[in-house]
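Novice: My questions are about this predicted structure, shown below with the sequence.
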Amino acid sequence: MRTSQHLILTSLLLLLSWACSTENNTPLNRFYHQTTAKYNGHFNAKELLRVSLKTYHDSRKEDFYSTLPIFPVPSEKEVKGMLPAIDTAVLKCSKVILNHSMPTAENMFYKSVEYNKWIDENWLTVGEAFFYRRDYQKALDNFEFVKRFFAQDPSTYIASLWIARIYIEQRKYADAKLILDALNERAELQQQKKFKDYIPFIKEKNPEAGPEMSKKLQFEIHRAFADLALRRREYDLAIEGLKLAIEKCPVAKEKARLNYILAQIYQQQNQLPEAAKCYGRAYKAAAATDIAFNARLNRAVVSGDTRLMADLNKMLKDAKNATYKDQIYYAMALMELNSGNQALAKSHLTSSAFYSNNNKRQRAQSYEKLGDLSFNEKNYVSAQKYYDSSSRFITDDYPNGEQIKSKASKLADLVKAIETAQFEDSVQRIAALSEKDREDFLKETLKQIRREEQRRKELEAAKLLALQQSQAAPTAGNANKFIFNNPKLREEGYNDFRKNWGIRENTDDWRRSERIVLNANLDPLGQDTSTQTAQINAKNDTLSIESLLANIPLTPEALKSSQERLLDALYTSGVLYKEILNESELAAAQFLAILDKKLEHPTDLSAAFQLYKIYENGPDAGKYRTYILTKYPNSDAANFFRDPDFYVKQKLSAQKDQAAYLALLEKYEQGYYAQVLSSTQPIVDKDLSNAYRAEYLLLNALAFGQLTDNKQLLIPKLQRIIDEKPKSDQAVRAQEMIQTIQKGYSKFELATKKETSIFSTDISGTQYVIVLLDEDEEADELRTAVANFSTKGFKTSKVKATIKTTVAENNFVLVSEFPSAKIAWDYLNAYKAGFEYLDDYQNNKIYIINQENLKKLIESSKFDDYKAFFIDNY
């Protein structure tokens with residue numbers, strides 16, 4: 001008995017060892033190696049890839065603001081978490097190919113036959129793993145081998161498809177199209193088989209016909225074809241490919257997603273009825289939650305069926321949609337706009353912005369739409385505020401982000417001028433009231449401000465309640481998760497608390513503090529009031545009749561200043577209406593308001609001339625022409641009316657003045673000081689209208705200074721420059737020269753001062769730019785302005801603006817960094833010409849500095865010394 005058992009065991013071992021051989025093509029050998037190749041390699045590797053891809057797809061968030069990708073593929077950053085699974089899959093399949101290929105070959109590329117029917121699947125799995133690893137060359141080598149070696153197996157089609165997908169990722173669209181066209185042609189031939197070909201006992205064998213192509217593979221081919229067409233923006237072909245893919249799609253969830261993409265393309269092509277049908281097909285029970293939700297919204301928008309508004313209202317009341325109220329309100333707004341109900345659309349857009357707590361893209365979109373509506377209504381003040389709010393939430397991938405920022409920037413000067421004019425006009429009206437009426441008016445204003453403050457707090461409370469409801473709403477993904485056991489949820493909760501309430505100490509009655517900062521501060525019209533909120537909170541306790549009176553111009557000097565600000569603001573807004581927005585009627589209203597004031601001011605003449613130009617071809621032009629000729633007979637405008645070529649002649653005269661000045665400047669540089677003094681003196685004494693008068697005044701003073709030893713005699717000439725041309729560069733130079741004369745520095749003292757400078761004269765290396773704060777300026781506001789200019793006004797080099805503080809606690813803005821002094825100078829020159837972006841910050845002191853001197857400046861705070869160093873060395 002024992003002998004027979006040993007015999008059986010020995011026989012089994014011999015049989016097993018014989019079956020392990022890869023050189024014997026017997027049923028037993030094939031069974032063993034195929035089973036091992038299928039389960040140890042292919043199955044386990046595919047399972048690793050499936051699980052890692054499922055994790056990726058589950059964690060991936062679709063961007064419904066753009067066309068969804070047909071094949072979502074992990075990026076280089078996203079694939080890092082998948083690398084362990086991918087590498088393990090490659091290792092498993094590689095071992096199977098090496099150990100279980102029949103027959104064995106040291107180099108697989110020299111084999112002529114393969115008896116293990118699962119080896120090709122292992123090769124394909126390795127290629128697929130390399131594809132998701134983004135190692136496209138290795139993937140391509142694997143698939144090319146499968147396509148060549150397994151030409152009579154369906155694997156050749158699968159390999160060809162993957163090769164096409166690799167070419168698509170590499171943007172080799174022409175190569176990908178050739179492959180997909182060949183696969184589609186093969187699929188069409190298979191569809192055209194005769195009926196008898198499907199009857200087994202009469203089927204004709206045709207060895208050249210090639211292997212069968214499965215329905216699932218045909219689905220993948222059509223999907224890849226649609227992906228290629230979509231990337232090439234061939235939308236008609238993309239629609240055709242998606243239709244065929246949907247027809248053959250074996251998974252209901254994926255079919256819903258493809259219908260959604262098809263609907264998006266139809267919507268982009270303005271084929272709204274077809275889009276509505278496809279959105280309806282995407283809104284199915286089998287669809288992913290986010291696909292179904294967005295399909296439901298978009299179906300209502302594109303269908304034009306007002307009955308679907310009830311469906312949106314139903315969605316709004318559903319607790320599980322609490323976090324998506326912003327999107328629902330936006331869809332309702334679009335439906336109202338399609339119906340021509342603009343007022344209700346604005347209300348919905350306001351609600352959309354109000355509830356957009358974490359969705360910056362939706363918030364920016366809602367503000368943009370509100371800005372567009374206001375712009376079309378010619379309500380440019382509201383439009384600018386909406387565009388500005390939108391620009392603060394625009395993400396890098398926002399489709400027309402730069403255009404929105406440009407609109408906000410261009411309208412900013414207009415809004416500032418209009419609001420200044422409105423404020424100055426209001427305070428002047430209040431100043432004109434009797435003392436009792438003024439006091440009564442201010443008391444009522446104070447009550448109104450406090451009512452607005454109370455209404456603001458109620459809006460904040462409503463926002464908080466909505467946030468709480470959103471967080472409390474149960475969803476399938478978080479119903480069983482306890483926040484304190486989940487670090488990620490804990491951190492999100494902490495950040496949300498700080499967004500809504502600020503930094504609060506753990507004390508009783510912490511909610512009673514007035515420093516509530518909400519993520520969105522909106523009034524009923526949807527205006528962003530975050531700045532107003534901060535100002536109100538800061539002044540709430542000190543607001544009184546006396547504090548309001550401080551802004552009222554009650555003295556003659558204050559009234560005159562207010563009137564000048566009013567007239568300047570009216571003229572500026574009029575010019576911007578006329579030149580930037582081409583709104584002649586709105587511009588005329590601003591200019592007429594200046595004339596109605598009947599005040600002696602330079603803008604009176606300018607406004608009259610602007611009105612003449614607006615109505616130049618109409619009957620009103622004569623009225624403003626007469627007004628100018630009568631009131632300003634010696635003005636340039638009056639001279640223009642008398643001589644239409646006046647401005648041409650004036651320009652020619654300026655060119656002659658320039659040529660004459662440059663000739664004298666050259667004489668000065670050659671040392672002919674007496675000749676320069678005698679030539680410039682008549683112009684200084686008599687030619688008050690010379691276009692280069694400021695330059696002549698300074699040149700005259702410089703020539704005189706070279707001819708006299710008593711520099712005190714220079715001071716009257718230099719003071720004349722300051723008095724006549726106070727805002728010119730020559731006046732600044734004159735003031736510096738007066739200070740130098742009064743301080744009495746000698747050449748020796750100046751040389752000594754330079755020698756004792758703490759700054760290094762070696763100014764090589766990386767360069768920086770520093771911008772200094774003027775008195776009463778905030779460092780954060782200056783940094784924001786400089787950063788805005790750096791982004792929009794200087795595109796030569798990418799730089800960063802930060803706030804730096806010296807040891808003596810003096811703030812300045814540092815712009816870093818520049819590879820050379822030349823590029824830094826380009827930035828400095830662009831800054832000085834960047835009024836469009838910088839406004840008054842354009843006049844701030846700005847210098848170039850290297851790293852070594854920057855360190856010394858921070859340690860010493862000697863900004864005045866560095867100014868002299870900068871002038872001497874740069």
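Specialist: Perfect, thanks for sending it.
Novice: Distance check, T35 against K800.
Specialist: Taking CB to CB, to the nearest Å as the criterion, T35 is separated from K800 by 61 Å. Bear in mind the C-beta positions are built from the backbone N, C-alpha and C, glycine included.
Novice: Y696 now?
Specialist: From Y696 across to K800, the span is 44 Å (CB to CB).
Novice: How about K117?
Specialist: Taken as CB to CB, the spacing of K117 relative to K800 amounts to 60 Å.
Novice: more neighbours, those two?
Specialist: The residue with more neighbours, out of K117 and K800 and counting by other CB atoms under 10 Å, is K117; that gives 16 against 11.
Novice: Report how many residues lie close to the closest residue to the more buried one other than its chain neighbours.
Specialist: Using CB to CB, 6 or more residues apart in numbering and skipping the chain neighbours, the partner closest in space to K117 is Q34 (6.0 Å). Q34: 17 surrounding residues under other CB under 10 Å.
Novice: Please identify the buried residues of stretch 695-714?
Specialist: E695, Y696, L697, L698, L699, N700, A701, L702, A703, F704, G705, L714 (16 or more other CB atoms under 10 Å).
Novice: could you dump those residues to TSV with distance to P84, secondary structure and pLDDT?
Specialist: Shown next, in TSV, are the buried residues of stretch 695-714 (distance: CB to CB, whole Å; DSSP: H, G, I helix; E, B strand; the rest coil; pLDDT from 0 to 100):
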residue	distance to P84	secondary structure	pLDDT
E695	74	helix	89
Y696	79	helix	89
L697	78	helix	91
L698	74	helix	92
L699	77	helix	91
N700	82	helix	91
A701	79	helix	91
L702	77	helix	91
A703	82	helix	91
F704	84	helix	90
G705	80	helix	88
L714	81	helix	88
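Novice: Same list, those residues, but as TSV with distance to N376 please.
Specialist: Below are the buried residues of stretch 695-714 laid out as TSV (distance: CB to CB, whole Å):
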residue	distance to N376
E695	48
Y696	52
L697	52
L698	52
L699	54
N700	57
A701	57
L702	57
A703	61
F704	62
G705	62
L714	61
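Novice: Nearest to E546, out of those residues: which one, please.
Specialist: L697 (47.3 Å; CB to CB).
Novice: Wait, the closest one touches E724, no?
Specialist: Yes. Between L697 and E724 there is a contact under CB atoms under 8 Å: 6.8 Å.
Novice: Phi first, then psi, for I770.
Specialist: phi -110, psi 140 (degrees, to the nearest 10).
Novice: Please give the element, helix or strand, for D780.
Specialist: Here D780 is covered by helix 779-792, with elements defined by DSSP states H and E.
Novice: ok, for A182, nearest residue in space, not its chain neighbours?
Specialist: In space, and not counting its chain neighbours, A182 is closest to S160: 7.4 Å by CB to CB, 6+ apart.
Novice: That neighbour: which element?
Specialist: Taking DSSP H and E as the definition, one finds S160 inside helix 155-169.
Novice: Could you identify the helix or strand that succeeds that helix?
Specialist: Heading C-terminal from helix 155-169, the first helix or strand you meet, by DSSP H and E, is helix 173-191.
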